[in-house]
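*Asks:* Sequence first, then the predicted structure:
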Amino acid sequence: MSTETKHHPTPSTTATNGSVAGFPVLAIERLRGAQKINRLSIFVIVLAIFAFVVFGTLASLKMFHGSQQMYWLFHYLPYVLVGLTIPFTLYQAFLVYRYRLSQPSMLVTSVGGASLLLIICLLFSLSDWLWLAMAAWIGVAYWFQATFKRFFKFIEDKQGE
């Protein structure tokens, strides 16, 4: 049996070896940037939901029944806005996988499932099912928000030790 003790980094040792809780400082900076991008993605998603509600309500009014612009804003703008967040979400998925912030099976299930739904809907022109793919991408963005929140809470707790 060995009498070796585990080395727990303290705030004074984190500055000398360039890591915090075993994570390189550069990695933490990248993850903070990804967290900011995630906040932007969620803002755009909330904007898409707001556009759907507002323009859907307006499109249901009798005076806008024949308006093509109102229909486009109600029907397509939310899809476009959520679609704009997909590249950001893929970047976040890469970082979450790279730094092992979540289990790979969770990434495959969430990002892979959302991607598969979107690809199938686009390939087979399943416009009636496209809302499901977009809802899956919305869920992935919120899942990454929770992942980043847990990770940075862990980092703060380790720095406090």
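*Replies:* Received the coordinates, thanks. What you see is a predicted model, and the numbers here were worked out from it, not measured in a lab.
*Asks:* hey, let's count contacts and neighbours off CA atoms from now on
*Replies:* OK.
*Asks:* contacting residues for the residue nearest the centre of the chain?
*Replies:* The centre of the chain sits closest to Ala141, judged by C-alpha atoms, centre = their mean, with a distance of 2.6 Å. Residues near Ala141 by C-alpha atoms under 8 Å, 6 or more residues apart in numbering: Asn38, Ser41, Ile42, Thr89.
*Asks:* By neighbours, which of the residues you listed wins?
*Replies:* Ser41 (24 neighbours; other C-alpha atoms under 10 Å).
*Asks:* tell me which element that residue falls in.
*Replies:* Per DSSP states H and E: Ser41 is located in helix 25-60.
*Asks:* re the thing from before, the contacts of Ala141: which two are farthest apart?
*Replies:* Across those, the longest distance by C-alpha to C-alpha is 10.2 Å; it joins Ile42 and Thr89.
*Asks:* mind listing the helices for the protein?
*Replies:* 11-17, 25-60, 68-75, 77-98, 104-107, 113-123, 130-160 (DSSP state H).
*Asks:* The last one vs helix 77-98, what angle?
*Replies:* In this case it means helix 130-160. Using axes from the mean of the first three to the mean of the last three C-alpha atoms, to 10 degrees, the inter-axis angle of helix 130-160 relative to helix 77-98 is 40 degrees.
*Asks:* where's helix 130-160 relative to the chain centroid, distance-wise?
*Replies:* 6 Å (C-alpha atoms, centre = their mean, to the nearest Å).
*Asks:* Quick one: mean pLDDT for that helix?
*Replies:* Mean pLDDT, helix 130-160: 93.
*Asks:* Buried residues in it, which are they?
*Replies:* Buried positions in helix 130-160, judged by neighbour count with 16 or more other C-alpha atoms under 10 Å: 130-131, 133-134, 136-142, 144-145, 147-148, 158.
*Asks:* Between these, which sits nearest Ser110?
*Replies:* Nearest to Ser110 among the buried residues of helix 130-160: Val140, at 6.2 Å, using C-alpha to C-alpha.
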